[in-house]
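**Q** Give the three-dimensional model of this entry:
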Amino acid sequence: MPYFVKYGHSTGGPLNKITELDGANFSLTSASKTVSLNELKRKHPEILYDEQMFDAVDKHYHEKCECGVKSKKTIEMIAKSVYDEQDRPEAVVLLKKKGDDKWDFETCLEWIKLLYGRNTLSGQKMESKAVKDLSALLWKCRLSIAPDELDKKYCVDIVVKNQSDEIIGGIQVKPITYYNRGFDHVTEANKKWNHPVYHLKYDRDENWINRLEVLSKFV
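**A** Numbers count the residues shown, from 1 in each chain. Predicted structure coming up:
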């Protein structure tokens, strides 16, 4: 698709900014407007592949599941909201600056599938890997995946507690490519939490780039 030729096979580019015209906390893809993918994955650890995640999002919209998670939209409905959002005056200006016309629905659907499939599952995998790898070295601390509300409000992936069960900080796990996008709304959200948050970065081969630096903050 032309969009991904121009902007790379990722969830960057103008569509990302268009979903956040009202701010990152009110993104069209936020848990409050769609579904908490983290919670869905926690409730259904059998979800391992992209298509399983898409099916789960749709199923939790159409059916009531005993897990308690409810989707507010299907994958196609989310993509349609992104497609329609391009008609907003702010979006038109943004697209014009990029030399783009309105991207078609198929492009928006592929963009959403990348976000809800590959990106989400990869991110969750790396968060679990971080807990395992760092816990082996931070034996005086207890690391756990952050509750969904904490993640949404302050962009904290991992909570770090001391031996007295007191929170001493948090960790955000991100691919190094994230930091090429310009404005870092994650760091802005981190600053609003009353504990320090350190970013653990990884490369395309899923190798930690600054593990020792992050470890040093808790020893």
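**Q** which parts of the longest helix along the chain are buried?
**A** Among the segments of the chain that qualify as a helix by DSSP state H, the longest is helix 120-135. By neighbour count on 16 or more other Cβ atoms under 10 Å, the buried set for helix 120-135 is 120-121, 123-124, 126-127, 130-131, 133-134. The way it works is simple: take the backbone N, C-alpha and C, and place the C-beta from them, glycine included.
**Q** Check what contacts the helix or strand bottoming out on mean pLDDT in the chain and list those residues.
**A** Least confident helix or strand, the chain: helix 148-154 with a mean of 80, by mean pLDDT, DSSP states H and E. With contact meaning Cβ atoms under 8 Å, 6 or more residues apart in numbering, helix 148-154 is reached by 25, 30-32, 36, 38-39, 156-157, 159, 170, 189-190, 192-193, 197.
**Q** Please, a PyMOL command that selects the buried ones among the residues you listed?
**A** Those of those that count as buried under 16+ other Cβ under 10 Å are selected in PyMOL with:
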select buried, resi 30+31+36+38+39+156+157+159+170+189+190+193+197
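**Q** In strands only, show me the contacts of helix 148-154.
**A** Members of the contacts of helix 148-154 lying in strands (criterion: DSSP state E): 159, 170, 197.
**Q** export those residues to JSON lines and tack on pLDDT?
**A** What follows is the ones in strands among the contacts of helix 148-154, written out as JSON lines (pLDDT from 0 to 100):
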{"residue": "159", "pLDDT": "97"}
{"residue": "170", "pLDDT": "97"}
{"residue": "197", "pLDDT": "97"}
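**Q** Now tabulate those residues in a markdown table and tack on distance to residue 216.
**A** Conversion of the ones in strands among the contacts of helix 148-154 to a markdown table gives the following (distance: Cβ to Cβ, whole Å):
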| residue | distance to residue 216 |
| --- | --- |
| 159 | 18 |
| 170 | 16 |
| 197 | 15 |
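**Q** Give me the distance between the residue of the chain most remote from its centre and residue 157.
**A** In the chain, the residue that sits farthest from the middle, by Cα atoms, centre = their mean, is residue 164; the gap is 30.4 Å. For residue 164, the distance to residue 157 (Cβ to Cβ, to the nearest Å) stands at 22 Å.
**Q** For residue 70, give me its contacts.
**A** 35, 60-61, 64.
**Q** Name the member of the residues you listed with the most neighbours.
**A** Among the contacts of residue 70, the one with the most neighbours (other Cβ atoms under 10 Å) is residue 35, at 25 neighbours.
**Q** does the closest residue to it other than its chain neighbours count as helix, strand or coil?
**A** Of all residues not flanking residue 35 in the chain, residue 71 sits nearest, at 4.0 Å (Cβ to Cβ, 6 or more residues apart in numbering). Secondary structure for residue 71, judged by DSSP: H, G, I helix; E, B strand; the rest coil, is coil.
**Q** Just the C-alphas of stretch 185-193, formatted as CSV.
**A** In CSV, the C-alpha atoms belonging to stretch 185-193 read as follows (Å, rounded to 0.1, in the frame of the first residue of the first chain):
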residue,chain,number,x,y,z
HIS,A,185,3.7,12.1,24.9
VAL,A,186,4.8,9.0,27.0
THR,A,187,7.5,11.0,28.8
GLU,A,188,5.0,13.8,29.4
ALA,A,189,2.6,11.4,31.0
ASN,A,190,5.4,9.8,33.1
LYS,A,191,6.2,13.2,34.6
LYS,A,192,2.6,13.4,36.1
TRP,A,193,3.2,10.2,38.2
